[in-house]
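Participant: how would this look folded up:
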Amino acid sequence: MRDGSWRQLVDRRILWGRLYLGSTLWAVTHLIMGLVLWSLGAYAARPWPQPVWLLVPLVVVCAALLLRRTAPGVGLAVGTVVVLVDLVLLGPSVWVLITYGDLLYAIAAWGRRRLAYWSFAVFTVLGLLLFVTGVFSVAGGYYPGGPLGLLQTAGLYVVMFHVPMISGLTIREHRMRAELERQRAGQIARLAELDRANAVAEERGRMARELHDMVANHLSAIAVQSTAALSLREFDPERVRGVLEVVRDSSVRGLTEMRQMIGVLRADGRTGLERVTPRLREIGRLVAGARDAGMAVELVGPVPDGELSAKVDTTAYRIVQESLTNALRYARPQLARVEVHLVGGQRSPVLRIGVVNGYDPHAPSRWREGLGAGAGLAGMRERVALLDGVFTAGPNGAGEWAVRAELPLGPVDTSTGGERS
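Facilitator: Take a look at the predicted model:
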């Protein structure tokens with residue numbers, strides 16, 4: 001154990017009641033030193049009383065040191081009375097004054113803040129008054145030792161009283177700063193933990209959305225086609241073949257995207273999921289797949305190519321993908337219609353996406369059982385919210401289900417290959 005740690009342990013160990021081991025050892029040390037100096041005559045000799053009476057203030061002031069950590073104010077009050085008695089009646093004794101200086105250090109370092117600064121102010125004012133009185137005494141020729149004696153007395157006063165208090169106040173300020181730094185470090189650690197938790201939650205939400213879009217959409221298409229095939233009353237080889245082709249294509253696409261995502265998660269470094277997620281320019285594949293599933297899909301508007309950031313590009317693709325999947329689950333496929341428009345200006349370019357399909361809330365539910373849990377709309381809404389966009393979905397009053405999204409486009413970021421950021 002290091003010396004500093006040992007001293008700290010000794011100083012904080014409680015013997016009994018409110019007495020600390022460090023304070024007790026320090027008081028005993030002062031008493032021993034005082035006895036040694038008393039035996040050597042380190043006191044002002046007076047005709048009365050006998051020198052043995054000088055031990056009384058020494059013992060009392062050393063006893064006051066026992067309270068230097070737990071009750072420094074009480075210790076200082078006791079020490080002040082003892083010093084006054086020693087100065088006026090018995091002594092003065094050198095070691096009593098030195099011990100009293102340690103009590104001043106204790107009140108400055110461990111006492112209440114207001115009491116510490118008030119004590120320092122009182123001793124400062126008292127010292128100035130004594131010094132001014134000494135100056136007038138020297139000018140009048142009444143001060144023994146003259147100017148040199150006055151300077152020696154002033155220096156002794158500063159060393160005995162002011163230096164311990166200044167040292168104690170300095171220790172107090174350093175301790176307060178250390179405490180503030182510990183609190184600041186704790187706050188930084190808590191903020192870092194919150195940031196880490198938020199980052200983990202955000203990444204988990206992001207992975208959940210990607211997993212839903214990569215797997216659930218394909219599986220939903222497979223489930224719908226399988227349900228359609230099973231509902232046939234008469235065996236139709238051509239229609240069954242077409243259903244199996246759609247099922248196979250959806251399965252292969254889902255497995256491919258899942259392998260790509262797993263590869264990203266297993267790769268070293270911070271590889272983004274955007275590298276393996278599809279882009280809006282691949283919307284033709286979505287339309288073709290929807291048409292193969294029996295939906296009448298019409299694509300309106302130019303499809304941007306290479307002008308969108310990865311997040312906007314992926315979000316737009318996923319919105320169209322999820323909208324087509326929902327139309328396949330719940331709508332009348334022959335009325336499905338997909339509209340994709342890129343509308344924007346110099347100041348606030350916006351990508352607007354609209355997906356409209358026939359909707360019949362009273363249609364039989366056999367096509368919908370087990371096909372969705374509401375995560376698709378929530379995922380689209382979360383994606384758009386992350387881009388500070390606008391998203392709406394619901395019946396439009398014309399017997400149709402409409403999905404609308406507005407995605408703001410940022411300025412071009414040349415550091416990412418000319419994509420928008």
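Participant: In space, what's closest to Gly34 - neighbours in sequence excluded?
Facilitator: Counting by C-beta to C-beta, 6 or more residues apart in numbering, Gly34 lies nearest to Trp95, which is 3.9 Å off, once chain neighbours are set aside. From N, CA and C alone the C-beta is placed, and that goes for glycine too.
Participant: Just the element for the one you found, please.
Facilitator: Applying DSSP states H and E as the criterion places Trp95 in helix 94-110.
Participant: circling back: please name the residues that touch the residue nearest to Gly34.
Facilitator: Trp95 makes contact with His30, Met33, Gly34, Leu37, Trp38, Ala42, Leu58, according to C-beta atoms under 8 Å, 6 or more residues apart in numbering.
Participant: before we move on, what about Ala44?
Facilitator: Gly91, Pro92, Ser93.
Participant: for it, phi and psi?
Facilitator: In terms of degrees, to the nearest 10, the main-chain angles of Ala44 are phi -80, psi 120.
Participant: what does Val163 give?
Facilitator: When read as degrees, to the nearest 10, the backbone of Val163 gives phi -60, psi -50.
Participant: Same question for the one 4 residues further on.
Facilitator: Backbone torsions for Ser167, taken as degrees, to the nearest 10, come to phi -60, psi -40.
Participant: unless I'm mixing things up, it is touching Leu104, no?
Facilitator: No. The pair Ser167 / Leu104 is not scored as a contact, 9.4 Å apart, by C-beta atoms under 8 Å.
Participant: Looking at those two, which has the bigger crowd around it?
Facilitator: Per other C-beta atoms under 10 Å, whichever of Ser167 and Leu104 has more neighbours is Leu104, with 27 against 15.
Participant: My guess is that one contacts Leu76. True?
Facilitator: Yes. The criterion here is C-beta under 8 Å, and Leu104 meets it with Leu76 at 7.0 Å.
Participant: Mind listing the shared neighbours of those two?
Facilitator: Both Leu104 and Leu76 are in contact with Ser119, where contact means C-beta under 8 Å, 6+ apart.
Participant: got the contact list for His30?
Facilitator: Shown in contact with His30 (C-beta under 8 Å, 6+ apart): Val61, Cys62, Leu65, Trp95, Ile98, Thr99, Asp102.
Participant: so how many other residues sit close to the closest residue in space to the third one that isn't next to it in sequence?
Facilitator: Yep, that's Leu65 we're talking about. Nearest non-adjacent residue to Leu65, counting by C-beta to C-beta, 6+ apart: Ala27, 3.9 Å away. The criterion is other C-beta under 10 Å. On that basis, Ala27 has 23 neighbouring residues.
Participant: Repeat that for Asp388.
Facilitator: Residues within reach of Asp388, counting by other C-beta under 10 Å, total 9.
Participant: any idea how far it is from Leu67?
Facilitator: Separation of Asp388 from Leu67 (C-beta to C-beta, to the nearest Å): 64 Å.
Participant: Check Arg182 too.
Facilitator: Using C-beta to C-beta, Arg182 is found at 27 Å from Leu67.
Participant: quick one, which of these two is more surrounded?
Facilitator: The neighbour comparison of Arg182 against Leu67 (other C-beta under 10 Å) goes to Leu67, with 23 against 10.
Participant: quick one, domains of this protein?
Facilitator: In terms of domains, the chain is parsed into 3-190, 279-421 (source: automatic domain parsing).
Participant: Of the ones you listed, give the one that comes closest to Ala223.
Facilitator: domain 279-421 (5.8 Å; C-beta to C-beta).
Participant: and that closest one, average pLDDT?
Facilitator: When pLDDT is averaged over domain 279-421, the result is 70.
Participant: Spit out the contact partners of Thr80.
Facilitator: Thr80 sits next to Tyr100 when contact means C-beta under 8 Å, 6+ apart.
Participant: so where do the helices sit in the chain?
Facilitator: 3-12, 21-39, 55-64, 72-85, 94-110, 113-140, 146-157, 163-211, 217-230, 237-266, 283-292, 310-330, 375-386 (DSSP state H).
Participant: So for Pro395, which of these sits nearest?
Facilitator: Among those, the nearest to Pro395 by C-beta to C-beta is helix 310-330 (11.6 Å).
Participant: Counting by contacts, list what that closest one packs against.
Facilitator: Contacts defined by 3 or more C-beta pairs under 8 Å, 6 or more residues apart in numbering; DSSP states H and E place helix 310-330 against helix 217-230, helix 283-292, strand 332-343, strand 350-358, helix 375-386, strand 400-408.
Participant: Put together TSV for these, with mean neighbour count and distance to Asn326 on each row.
Facilitator: Formatted as TSV, these follow (neighbours: other C-beta atoms under 10 Å; distance: least, C-beta to C-beta, whole Å):
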stretch	mean neighbour count	distance to Asn326
helix 217-230	19	9
helix 283-292	17	11
strand 332-343	17	10
strand 350-358	21	8
helix 375-386	18	6
strand 400-408	20	8
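Participant: So which of those is nearest Leu156?
Facilitator: Leu156 sits nearest to helix 375-386 of all the helices and strands packed on helix 310-330, at 73.3 Å, using C-beta to C-beta.
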